[in-house]
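S.K.: model the following, please.
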Amino acid sequence: MTSVPLLITSPHPCSYLDGQQAQSAFVVPSFGLDTSIYAQLIAHGFRRSGDDVYAPRCAQCTQCVPVRLPVMQFTPDRRQKRCLQKNLQTTAIIKPAIFEQSHYDLYLRYQKQRHAEGNMANTSPEEYIKFLGSSWCNTQFIEFSLAGQLAAVAIVDRFDNALSAVYTFFEPTFSSYSLGVYAVLWQIDHAQQQDLEWLYLGYWIADCQKMNYKNQYQPLQGYVDQQWRFLTSR
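M.R.: Below is the predicted model of the structure:
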């Protein structure tokens with residue numbers, strides 16, 4: 001693997017677990033990243049946010065577990081089958097990772113509905129595309145529509161043997177369609193059609209409700225003690 005220089009952040013309040021202090025290892029910003037190097041890093045538990053690539057390095061906590069799904073082994077459960085049935089009329093278009101006003105407006109509506117207490121509800125256009133896009137990664141925006149209306153956008157990174165789910169936001173009025181679940185199921189199906197091996201799903205945190213849903217996609221592998229191993233199934 002390519003030697004990659006890292007910086008360790010100072011301890012700061014954890015965004016996911018109350019009362020915990022967090023630290024992260026960041027790739028030095030001046031280091032020349034590309035998709036092939038990031039493919040090696042994501043296979044070792046790293047993730048990106050915009051152009052920044054990081055991994056948790058907390059002194060007293062190991063709850064952030066990088067997870068991935070071997071897509072060819074996936075079979076949807078009853079809830080996921082209902083979601084697929086509900087979205088039979090949902091269409092998807094793969095688009096380049098560039099700014100579109102309709103996507104940005106939808107992103108703001110989603111943040112104000114789901115995360116009104118956070119500062120992302122007031123994200124500027126520049127901050128929005130800097131957070132979701134990347135100047136060096138092979139990133140795509142998947143646009144989902146219902147009855148001709150923009151319903152959701154999923155941000156996906158593409159590698160030679162995998163996809164990585166970066167972020168999904170959806171129209172609040174379409175919440176009954178479970179579009180967050182559908183976006184993951186679409187990515188699984190797309191990876192299967194492309195003969196890819198993995199869908200990376202970010203970090204699974206058992207004690208954080210907004211992060212533990214990833215255990216619903218089985219068989220799930222976690223990167224634990226520098227090895228990928230299957231986690232306990234649902």
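
S.K.: quick one, domains of the chain?
M.R.: For the chain, automatic domain parsing gives the domain ranges 6-63, 68-230.

S.K.: using a markdown table, lay out those domains together with mean pLDDT and mean neighbour count.
M.R.: Where you see a C-beta, it was placed from the backbone N, CA and C, and this is true even at glycine. Supplementary listing: the domains of the chain in a markdown table, determined by pLDDT from 0 to 100; neighbours: other Cβ atoms under 10 Å:
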| stretch | mean pLDDT | mean neighbour count |
| --- | --- | --- |
| domain 6-63 | 96 | 15 |
| domain 68-230 | 96 | 16 |
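
S.K.: quick check: chain neighbours aside, which residue is closest to the spatially most central residue of the chain?
M.R.: Note on the chain: the residue nearest the mean C-alpha position is residue 166, at 2.8 Å, using Cα atoms, centre = their mean. Sequence neighbours aside, residue 155 is the residue nearest to residue 166 in space, at 4.0 Å (criterion: Cβ to Cβ, 6 or more residues apart in numbering).

S.K.: contacting residues around the one you found?
M.R.: 97, 132, 133, 139, 140, 141, 142, 165, 166, 167, 168 (Cβ atoms under 8 Å, 6 or more residues apart in numbering).

S.K.: now residue 13
M.R.: 20, 21, 22.

S.K.: please repeat the previous calculation with a cut-off of 10 Å.
M.R.: By Cβ atoms under 10 Å, 6 or more residues apart in numbering, residue 13 lies in contact with 19, 20, 21, 22.

S.K.: just say helix, strand or coil for the first one.
M.R.: Going back to what we said before, that points to residue 19. Per DSSP: H, G, I helix; E, B strand; the rest coil, the secondary structure class of residue 19 is coil.

S.K.: can you pull the contacts of it?
M.R.: residue 13.

S.K.: quick one, strands of the protein?
M.R.: 6-8, 12-13, 21-22, 24-27, 47-49, 52-56, 65-70, 91-96, 139-146, 149-158, 162-170, 198-204, 221-224, 227-230 (DSSP state E).

S.K.: what helices and strands are in contact with the last one?
M.R.: Applying 3 or more Cβ pairs under 10 Å, 6 or more residues apart in numbering; DSSP states H and E, we find strand 227-230 packed against strand 65-70, strand 221-224.
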